[in-house]
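Trainee: Any chance you can model this:
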Amino acid sequence: MIRVAMLSYWHVHAWDYTRQAQSHPDVTIGAVWDELPERGRAAAEQLGVPFYESLDDLLALPEIDAVIVDAPTSMHCDVMVAAARAGKHIFTEKVLAPTLAEANEIIAAADQASVVLTVSLPRLAEGYTQAITSLITDGACGDLTLVRIRMAHNGALRTEQNPDGWLPPHFYDPEQCRGGAMIDLGCHPMYLARHFLGLPETVNAHYGYVTGRAVEDNAVVTLGYASGALAVVEAGFVTPASPFTIEVHGTHTSLIYSAPPPVLRVRGLDDWIEQAIPKSSPLPFVQWVDHIQRGTRNTANIDAALDLTKLMEAANRSAAERRQVRLDSLQP
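Mentor: Next comes the predicted model:
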């Protein structure tokens, strides 16, 4: 049995990962720490486990094998390096870190301690991603020319039901979040673009501030490749009815995935042909547990997470400095 501790309930998905841990037959939750003690105590009481106000005290517990990190993005490096040095396996919400230098520090600490690190990049496991990847690999699209992926919701819109929007107020804190819609929701289309096209040479970002928050609530990033291909990554907190969309265009044909409802189509000679979507692979949390049990490194996940941090750091720099950023200009 793997005994885990929950490290913070800052992120909106923290309770989702709690439920994943509770539903896994080989995992049990044994403790809680939170940078806000009141929030942490409430979560610990709900779970029926001890709360620790000191992170060091929790990490010193020999009976805790692993941690699930949902702390503010700005705290990821400090929290995860401390956990790794204490010998605890680490599952974390994306992004791994807001800068390449911090991400490399976390990965080095995990590797040095031989603990399993896994970042939540769930859409890489989805059946539609597998189907699209197979079509690309089989050459159905020809040489890729454009990938466009959009993910957006209305979390920042002020409505009668939610006068301040339904996202928590701290999601608009630039110090804690290190960004807005792009570094949060935009992570998913960004790592998918990297999955389909690889890493680009250049990054151009444009951020919008529709609701006047301190972080962007509307964002578009373009990725430029040596081949001439482009990727367009879109994310926002101000769209009430935007479907999740993946477009892949090549020299032979195009494919489009959209949900809801989940439909994948490829353009044939005369019409769009619907494609079968296979069953999804295990979620990153399940992968993490499996790697812990087998004593293996989740290399593909770590590589994808590191590249995601590179892309996010470059996008934030591009938006702030209003210029194109070369990916190879980032400091490791």
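Trainee: Check the secondary structure at residue 118 for me.
Mentor: Three-state assignment for residue 118 (DSSP: H, G, I helix; E, B strand; the rest coil): strand.
Trainee: Looks like it contacts residue 282 (just checking).
Mentor: No: applying Cβ atoms under 8 Å, one finds residue 118 not in contact with residue 282, separated by 11.3 Å. For glycine as for every other residue, the C-beta is placed from the backbone atoms N, C-alpha and C.
Trainee: Neighbour count: the two, which is higher?
Mentor: Counted by other Cβ atoms under 10 Å, residue 118 and residue 282 do not tie: residue 118 has more neighbours, with 25 against 11.
Trainee: How is the chain partitioned into domains?
Mentor: Using automatic domain parsing, the domains assigned to the chain come out as 2-120+284-297, 126-280.
Trainee: The shortest one spans what distance, first to last residue?
Mentor: Put plainly, it is domain 2-120+284-297. 17 Å (Cα to Cα, to the nearest Å).
Trainee: got a markdown table for the domains of the chain, with distance to residue 320 and mean pLDDT too?
Mentor: Converted to a markdown table, the domains of the chain look like this (distance: least, Cβ to Cβ, whole Å; pLDDT from 0 to 100):
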| stretch | distance to residue 320 | mean pLDDT |
| --- | --- | --- |
| domain 2-120+284-297 | 12 | 98 |
| domain 126-280 | 9 | 97 |
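Trainee: For residue 314, which of the ones you listed is the nearest?
Mentor: domain 126-280 (3.9 Å; Cβ to Cβ).
Trainee: nearest residue to residue 225 other than its sequence neighbours?
Mentor: Of all residues not flanking residue 225 in the chain, residue 200 sits nearest, at 5.1 Å (Cβ to Cβ, 6 or more residues apart in numbering).
Trainee: wait, is that neighbour part of a helix?
Mentor: No: with three-state DSSP as the criterion, residue 200 is coil rather than part of a helix.
Trainee: Tell me how far it lies from residue 310.
Mentor: 10 Å (Cβ to Cβ, to the nearest Å).
Trainee: joint contacts of these two?
Mentor: Common neighbours of residue 200 and residue 310 (criterion: Cβ atoms under 8 Å, 6 or more residues apart in numbering): residue 327.
Trainee: For these two, indicate the residue with more neighbours.
Mentor: Legend: neighbour count by other Cβ under 10 Å for residue 200 and residue 310, higher for residue 200 (24 against 21).
Trainee: what about that one, distance to residue 255?
Mentor: 20 Å.
Trainee: Tell me which residues of the longest helix anywhere in the chain come out buried.
Mentor: Longest helix of the chain, by residue count under DSSP state H: helix 299-321. Residues of helix 299-321 classed as buried by neighbour count (16 or more other Cβ atoms under 10 Å): 301-302, 304-319.
Trainee: average pLDDT across the helix or strand following it?
Mentor: Counting by DSSP states H and E, the next helix or strand C-terminal to helix 299-321 is strand 325-326. Strand 325-326 comes out with an average pLDDT of 98.
Trainee: Tell me which strands strand 325-326 pairs with, and in which orientation.
Mentor: strand 202-208 (antiparallel) (DSSP bridges).
Trainee: so what's the backbone phi/psi at the closest residue to residue 187 other than its chain neighbours?
Mentor: Spatial nearest neighbour of residue 187, chain neighbours left out: residue 94 (4.7 Å); criterion: Cβ to Cβ, 6+ apart. Phi and psi for residue 94, reported as degrees, to the nearest 10, are phi -70, psi 160.
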